[in-house]
Each structure stands twice: as structure tokens, then as C-alpha cells.
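Peer 1: Mind looking at a prediction? Sequence and model below.
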Amino acid sequence: MRIITGTARGCRLKTPKGEATRPTADRIKESLFNILGRRVEEARVLDLFAGTGALGLEALSRGAASALFVDEKTASLIEENAAKTRLLEHAEVVRADALRVLARLGALGRSFDLIFCDPPYRRGLWEKALSSVDRGGLLTPDGCMIVEHGTEEALPALQNLRCVREEIYGRTTQLRFFTRAAKGEEENPDDQGCMLGEF
């Protein structure tokens, strides 16, 4: 696993032993950031279930202003990778349950331009995190939340976010991109699909 481009281009990230952490594959990460394009520049980033920190660090390498990394188990690893990539001064690492942190951030009025959410598959975590961001107003008006999850998983009902793009990789991985809904354009609670549009 490596940083693809930017100030830390080519830097290899340390990954934990075992299968407890499932890092996003480089090819998926490259596709994701190609889609985001210049949205990354000067962005305030929130990396949930951050694992190795690969997504947030890639964003920092590409010019994001700051990144808040949240993971209950791998905070030390993220700090080590942030130091290795010389991006530590732009990183804040929190060792805590991501869902509890989301509730706290909402209460503090924090907001982010990019939110990455890549929890373990099929545990109901991405749905809870997405619903929390939807309710908590954590995404800026022009921001984007990217969720990685298993295929064939339905969207929860949303009030303030809309799904604008879907990408499927192989048989197991799906990315969904969410933005703030314009007034009168909220997700239909009965529509569990993606309202595909320009992104």
C-alpha cells in the first residue's frame, strides 16, 4: 500500500498484520481520487474507521488542508504513517468509536468538505455512520461523503444527503458518493437507490 501522488508520492504505508484491517486497494483508491479531482484541494477531511489512514493521507498528499482520523484500534499506526509521509502536522488522530465521535462532532458544530467512511463490511456500521452524518449536518454545502461497503447493501432513508454516484469493483466492493441535497431534493425514504446525477 502506497501514496499514489502528491507531496508523499510513492511512500509506502505500514499495514497491520492479520485480517482485522481491510485497507482500500490501490486501484480503488486511485479511481476514487480521480473522481474527486480538485475537490480534495484545501479540503477539511474526516476519515472514519481509518485503518491505516490511507485515504486521509492520500488526501493530505494531494493538498487537503487537514484530516481528522478516527479509529478505535489503529491510532498509533495512523500516527506512524502520518509521520512517515511527513503529513503529521496536518493530521489529528482520535482513538475512539467512530459512531460516538460523529455524535460529538455534531454537537460541537464541526463540518467537513470530504468524509471517508470505510468500516468492516456487513456489520451495519456504514449505514449508522451515514445516518449520523445525515442528521448531524457534518458535511459542508459543497462537500462529499464517500462510503465503501459490500455490494448488494441497500441505502438507509436519508433526509439531507443524496447519493449521486455509484461505482462497483469486482464482486465485493461498492463506492457510493453523497452530497448535500438541495432544498426540495431530499432523498425519498421509499427510494433505496442512487439518484445519479452529475458529479
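Peer 2: Ah, there it is.

Peer 1: Arg176 contacts Arg162, doesn't it?
Peer 2: No - applying Cβ atoms under 8 Å as the test, Arg176 and Arg162 come out as separate, 10.5 Å apart. No exception for glycine: its C-beta is placed from N, CA and C like everyone else's.

Peer 1: Residues in contact with the longest strand along the chain: which ones?
Peer 2: Ranked by residue count and defined by DSSP state E, the top strand of the chain is strand 139-150. The contact list for strand 139-150, computed with Cβ atoms under 8 Å, 6 or more residues apart in numbering, reads 24, 28, 32, 36, 39, 44, 111-119, 121-122, 126, 129-130, 133, 161, 172-180, 199.

Peer 1: Quick one: buried ones out of those residues?
Peer 2: 24, 28, 32, 36, 39, 44, 111-119, 121, 126, 129-130, 133, 161, 173-180 (16 or more other Cβ atoms under 10 Å).

Peer 1: Does the spatially most central residue of the chain belong to a helix, a strand or coil?
Peer 2: A centroid search over the chain (Cα atoms, centre = their mean) returns Phe116, at 0.4 Å, as the residue closest to the centre. Of the three states, Phe116 takes strand under DSSP: H, G, I helix; E, B strand; the rest coil.

Peer 1: which residue sits closest to it in space, ignoring its chain neighbours?
Peer 2: Leu55 (4.3 Å; Cβ to Cβ, 6 or more residues apart in numbering).

Peer 1: And the one you found, how far from Thr172?
Peer 2: 18 Å (Cβ to Cβ, to the nearest Å).

Peer 1: got it, and Thr24?
Peer 2: Taking Cβ to Cβ as the measure, Thr24 falls 12 Å from Thr172.

Peer 1: count of residues packed around Ala67?
Peer 2: For Ala67, the neighbour count with other Cβ atoms under 10 Å is 28.
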